[in-house]
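Undergrad: Sequence and predicted structure below; questions after.
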Amino acid sequence: MSNDPIHQFQIQKIFPIEVGGMDFSFTNSSLFMGLTVAAASAFLIFSTSGRGLVPTRMQSVAEMAYEFVASMLRDAAGTDGMRFFPMVFSIFMFVLFGNLFGMFPYFFTITSHIIVTFALAMLVILTVVIYGFMRNGMKFLKLFVPSGVPGALIPLVTAIEIISFLSRPISLSVRLFANMLAGHITLKVFSGFVVSLGALGAAGVAGAVLPLGMTVALTALEFLVAFLQAYVFTVLTCMYLNDALHPSH
Amino acid sequence: MNGSSQDDDGTDPLEGASESGLSKRRAQLDRKLKDLHVAEQAAVQKSHRSATGYAQAVKISSEFIAGVLVGAGIGWVADEWLGTSPFGLIVFLLLGFAAGVLNVMRSAGLVTSQDEQISKQKSRKDGP
């Protein structure tokens, strides 16, 4: 592997597939998405298969994950929002496992590609829009017209609110993607310093201690960011779902 | 298990006294639980607030950038369709800036969300 910090994000085709001139190849990204889903499902299935009244260690981790997401959703969207629990929990587990998978050396980080995070964000926003219209009909549009605004300003404020709404999927996806991308590049650059300095002889090896310590610290930070970003993504999902359920506030 | 059966045995002769004792104990436990819950929430909020300045920076900048990008995108598409170049881009880019600033203020908690505003207005109307 080269010292190139961007190399880890390259998409490689594993099985080239082409249907009607379109590229449907099975890539390393698809492989790791599959692995993420498999790992998350396996974790939940095996950890809860015992169904002990007194949970084992793994079972209590799974129960904590459930409680964590459930209370997040209930706080943000009320008990009404619990109908979205399967979706929110799946998104949380997918993002969390995807982020954590990226922390293994030589693994591909699926959430470091904006198309993956954007697809997740669009899933959330389309759910909000479609369910919002289904449940509230035209009242859903009240979301864009704040109350108590003077009549002359309403067109301007509504335009700003609509743009602000449309920017949600973008900020949601950019945040996750930028965090993972930047973190992994920083990690790679600092660990690259260790190698390049180590090649310079005794003084270089002594100097390489500094970036090595930095790499260790950054690895810990990246684990924190992996959890934090999965949490932030899920919290915002809950808040947007709340808009679909109660648009008029 | 053993303790509860002992309790049952003990309740028979002086039922009222133990019942009031039980309710007292229950109230005490309730209070303890509530305190625990409050402390837990305070801890969560604290960790939420101090959650690394780096994450905060990415969060806020992404909010702003998204607003500007969407505004510019809408303006560009409008120009393409309506042939109003360059006015659509100018107008919607400025609106996008406004939306981005609004996003940032909302996520930083400097602008109250709408429902809070409404409740504030109501209380102001009711108050004086």
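TA: Yep, that arrived. Numbers count the residues shown, from 1 in each chain, chains lettered A, B, ... in the order given.

Undergrad: Got the domain ranges for chain B?
TA: Per the record, chain B has its domains at B:1-50, B:52-128, by automatic domain parsing.

Undergrad: any idea which of those domains scores lowest on pLDDT?
TA: Among the domains of chain B, domain B:1-50 carries the lowest mean pLDDT, a mean of 67.

Undergrad: measure the nearest residue to residue B:88 once chain neighbours are set aside to residue B:70 for me?
TA: When the adjacent residues along the chain are set aside, residue B:88 lies closest to residue B:78, with 3.8 Å between them (C-beta to C-beta, 6 or more residues apart in numbering or on different chains). Where C-beta positions appear, they are placed from N, C-alpha and C, glycine not excepted. As judged by C-beta to C-beta, to the nearest Å, residue B:78 and residue B:70 stand 12 Å apart.

Undergrad: neighbour-wise, which of the two wins?
TA: residue B:70 (26 against 17; other C-beta atoms under 10 Å in any protein chain shown).

Undergrad: May I have stretch B:98-111 as PDB, with CA atoms only?
TA: What follows is stretch B:98-111, C-alpha atoms only, in PDB (Å, rounded to 0.1, in the frame of the first residue of the first chain):
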ATOM      1  CA  ALA B  98     -30.100  33.900   4.500                       C
ATOM      2  CA  ALA B  99     -31.200  30.200   4.800                       C
ATOM      3  CA  GLY B 100     -27.700  29.200   5.700                       C
ATOM      4  CA  VAL B 101     -27.400  31.800   8.400                       C
ATOM      5  CA  LEU B 102     -30.900  30.700   9.700                       C
ATOM      6  CA  ASN B 103     -29.700  27.100   9.800                       C
ATOM      7  CA  VAL B 104     -26.600  28.100  11.700                       C
ATOM      8  CA  MET B 105     -28.500  30.200  14.200                       C
ATOM      9  CA  ARG B 106     -31.000  27.400  14.700                       C
ATOM     10  CA  SER B 107     -28.400  24.700  15.300                       C
ATOM     11  CA  ALA B 108     -26.500  27.000  17.700                       C
ATOM     12  CA  GLY B 109     -29.700  27.600  19.500                       C
ATOM     13  CA  LEU B 110     -29.500  31.400  19.000                       C
ATOM     14  CA  VAL B 111     -32.800  31.600  17.200                       C
END
